[in-house]
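Trainee: A predicted structure for the sequence below; I have some questions about it.
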2 protein chains.
Amino acid sequence: MSHKKSNPDPLSKFEWTIMNQIWDGSRMSAREVMEALPPEKQRAYTTIQTYLERLVGKGYLEKEKIGMVNFYGAVVSRESVVAGATNNFVNQVFAGSASRLAAYLIPNIDLNSKEIEMIRQLLDEAERGDA
Amino acid sequence: MSHKKSNPDPLSKFEWTIMNQIWDGSRMSAREVMEALPPEKQRAYTTIQTYLERLVGKGYLEKEKIGMVNFYGAVVSRESVVAGATNNFVNQVFAGSASRLAAYLIPNIDLNSKEIEMIRQLLDEAERGDA
DNA sequence: ACTCTTCTCCTACATATGTAGTATAATAGC
DNA sequence: GCTATTATACTACATATGTAGGAGAAGAGT
């Protein structure tokens, strides 16, 4: 199998911010998204609306009007978008070598012992080739 | 220690392409950069020039004119830029959790046994707290 | 019914990014 | 010395991204 259905246009910085809210929650209105944003990411209400509409245009969200209000829900899974973005990032920054990224990452982040255990676990599985 | 000297403006996609060439090599002219680019990244000669100049403007490159020709060299280390970009990326896409990124990464990339060993090694060191 | 609030829809605009053309200067070959 | 090549400096322009204002509809409170 190798037909990787490619996602829509890549997400821009603030588009990620919006999408993260909706993926964390579910179907949300502009107001709800706005209220869920942390203080440093607050924007004008109509700015949120603009992004929501652009994301519909790009095929990331669908809109459903209930009464007077539009609700927006994700139509692409976070997983697939994250996968695509990670790939792009690795290509851009680590010249395609994900293991180079891993090698960079591990010593440079704070991992607690539980996380370290978890990663060991994953490595074991990767080694055995469990999918 | 906590004064992280923040890099200039973030690099855009094609700016990364250019910077990677220069980091891979060293001081290069526009023509040299152009010739070093893989076929799918070929652009008009003046496009390369434009990027080089923008990168000087952003503080990533310095320009030295030798005879008629400008040569461009990096003034920020690849490491620091990669570090910054990785941070931004992790924040954007993995909501700040690098271990979540690791958890995503490990099962999703092909690691050969040498790389797996290397990462185990790194985990051991991280655990012991060797800097 | 009138007013305040809160939506939606549409429009606008600055800055960033991708992409390259033109005019002009220097140089290398005949 | 004239011509072809190649480099620089400057200008241009489309699309993307960040950001938001205004007009007008709908509903809430009195």
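Mentor: Received, thanks.
Trainee: The worst-scoring helix or strand of chain A on mean pLDDT and chain B in contact?
Mentor: Least confident helix or strand, chain A: helix A:98-108 with a mean of 78, by mean pLDDT, DSSP states H and E. Yes: using Cβ under 8 Å from any Cβ of the partner chain, a contact is recorded between helix A:98-108 and chain B, made by A:98-99, A:101-108. (Glycine included, C-beta is placed from N, CA and C.)
Trainee: Where does chain A get nearest to DNA strand C, which residue?
Mentor: A:Asn70 (3.4 Å; Cβ to the nearest atom of the strand).
Trainee: Mind checking what secondary structure that residue has?
Mentor: Following DSSP: H, G, I helix; E, B strand; the rest coil, the label given to A:Asn70 is strand.
Trainee: try A:Glu62
Mentor: Going by three-state DSSP: A:Glu62 is strand.
Trainee: Show me which residues of chain A are close to chain B?
Mentor: Checking chain A against chain B by Cβ under 8 Å from any Cβ, the hits are A:13, A:16, A:20, A:82-83, A:85-86, A:89, A:92-95, A:98-99, A:101-111, A:113, A:115-116, A:118-120, A:122-123, A:125-127.
Trainee: Can I have the buried ones of those residues as a PyMOL selection?
Mentor: Entered in PyMOL, the line below selects the buried ones among those, by 16 or more other Cβ atoms under 10 Å in any protein chain shown:
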select buried, chain A and resi 16+20+82+85+86+89+92+93+94+98+99+101+102+103+104+105+106+109+111+115+116+118+119+120+122+123+126
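Trainee: and DNA strand D, which of the residues of chain A next to chain B reach it?
Mentor: A:Lys13 (Cβ under 7 Å from any atom of the strand).
Trainee: so how many other residues sit close to the closest residue to A:Glu62 other than its chain neighbours?
Mentor: For A:Glu62, ignoring the flanking residues on the chain, the nearest one in space by Cβ to Cβ, 6 or more residues apart in numbering or on different chains is A:Val75 at 5.0 Å. When neighbours are counted by other Cβ atoms under 10 Å in any protein chain shown, A:Val75 registers 12.
Trainee: thought A:Val75 was touching A:Glu64?
Mentor: No: the pair A:Val75 / A:Glu64 is not scored as a contact, 11.3 Å apart, by Cβ atoms under 8 Å.
Trainee: quick one, what contacts the residue of chain A closest to DNA strand C?
Mentor: Counting by Cβ atoms under 8 Å, 6 or more residues apart in numbering or on different chains, A:Asn70 touches A:29-30, A:52, A:63-64.
Trainee: Farthest pair within the residues you listed?
Mentor: Between any two of the contacts of A:Asn70, the greatest separation by Cβ to Cβ is 13.0 Å, found for A:Ala30 and A:Glu64.
Trainee: about what we covered before: any idea of the pLDDT on the residue nearest to A:Glu62?
Mentor: pLDDT for A:Val75: 96.
Trainee: A:Ala30 and A:Glu64: which has the busier surroundings?
Mentor: A:Ala30 (21 against 10).
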